[in-house]
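J.: need a structure here:
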Amino acid sequence: MSASRRLVRRIANVFHPNRAESDLAREVNAHLVLLEDDFRRRGLSDEDARRAARGAFGGIDLAKEQHRDARSLRWRRRRAT
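T.: Residues are numbered from 1 along each chain as shown. As a prediction, this is how the structure comes out:
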């Protein structure tokens, strides 16, 4: 995605935050469903597949927060390394 397109999307997210959150929730859910399906194909029960998918995905809240940061207009400072 080009830099100008990213900027336009970030500005749109400022004016339509609920839509962005809804899109994010759907995307995370889709990833979890795909992972669950993969674990079921490997022979896990529904409950075990759900648990394994969440573990494989990692921190859902952290992933959402990182996505919010990436789509926001917050100014970021680079750390000196």
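J.: any weak-confidence spans in this protein?
T.: Judged by pLDDT under 70, the chain has its weakly predicted residues at 1, 6-7, 10, 12-14, 16-17, 71-81.
J.: for it, what spans make up the strands?
T.: Assignment of strands within the chain using DSSP state E yields no ranges at all.
J.: For the chain, which segments are assigned as helices?
T.: Assigned by DSSP state H, the chain shows helices spanning 3-15, 17-41, 46-57, 60-71.
J.: For the ones you listed, give me TSV that also has mean neighbour count.
T.: Where C-beta positions appear, they are placed from N, C-alpha and C, glycine not excepted. Putting the helices of the chain into TSV (neighbours: other C-beta atoms under 10 Å) gives the following:
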stretch	mean neighbour count
helix 3-15	11
helix 17-41	14
helix 46-57	14
helix 60-71	13
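J.: Can you measure across stretch 54-63, start residue to end residue?
T.: 12 Å (C-alpha to C-alpha, to the nearest Å).
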